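Asks: This is a predicted model, with the sequence first.
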Amino acid sequence: MALGVVSGGAASAEECSSSITAEEVLRAEDARYAAQIANDFAAMEQMFGPELVYIRSVDGAVADKHAYIESMRSGTVKYRAMRRSDVRVRTYGCLAMIRLLRVGPYREGRGPLRAGSVPQRVGQARRGRAVRVLAVHARPPQLPGRAAVGTSG
C-alpha cells in the first residue's frame with residue numbers, strides 16, 4: 001500500500017532544505033505518542049502538518065488534521081498508552097515513512113477499551129527545523145470473507 005504523503009500539500013524546495021534521519025523520525029513519533037496520551041492539543045497542532053490525513057483502524061474512515069484532533073479533544077478517541085514494535089523507517093531526503101505495529105489500549109467513542117496491536121504506516125517530513133506528521137494509516141480490521149484494506153506493500 002502506497003501512502004499518499006506527497007499530495008497537494010507537497011514539501012516544496014524551501015520547506016525541504018535538509019534530510020531527515022531515522023533517529024529524528026523516531027523522536028517525533030515518541031513526541032506524537034506523548035502528546036496523544038496527554039491530550040496535549042497545542043503540541044498536536046504544531047506537530048501535525050496542515051495536510052494531515054488519518055485513516056482510522058476501526059472502520060477505514062478518513063479524517064483531516066482538525067477532525068483527528070477534535071476526536072481526541074471531544075473524548076471520542078482516548079489513547080491510554082502507546083508503544084511500538086516491528087519498526088521499519090525509510091527516509092527519502094526530507095521525507096520519511098515508518099511501518100510499525102502500534103501497541104496499547106485505546107477507546108473509540110463509548111465502545112470498549114481496545115487492546116492489542118494495530119499495523120500503522122506514518123509519513124513525516126522535515127519542515128524547516130521541525131518534523132511534521134503528514135499521514136497516519138491505521139489498517140482497519142479484516143472482516144470475515146473480505147480482504148483487509150491496505151494490506152499490500
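Replies: Good, I have the coordinates.

Asks: what about the helices in the protein?
Replies: Under the criterion DSSP state H, helices of the chain are mapped to 22-38, 41-47, 65-73.

Asks: quick one: which of those is nearest Y92?
Replies: Of all these, the one in closest proximity to Y92, counting by CB to CB, is helix 22-38 (11.3 Å). C-beta: built from backbone N, CA, C; applies to glycine.

Asks: who's in contact with that closest one?
Replies: Applying CB atoms under 8 Å, 6 or more residues apart in numbering, the contact partners of helix 22-38 are 40, 43-44, 47, 72, 79-84, 87, 89, 91, 96, 98, 100, 122, 124, 126, 131, 133.

Asks: make it 6 Å
Replies: Contacts with helix 22-38, where a contact means CB atoms under 6 Å, 6 or more residues apart in numbering, come from A43, M44, M47, Y79, M82, V89, A96, Q124, V131.

Asks: who wins for proximity to Y54 among the helices of the chain?
Replies: Minimum separation from Y54 across the helices of the chain (CB to CB) falls at helix 65-73, 4.3 Å.
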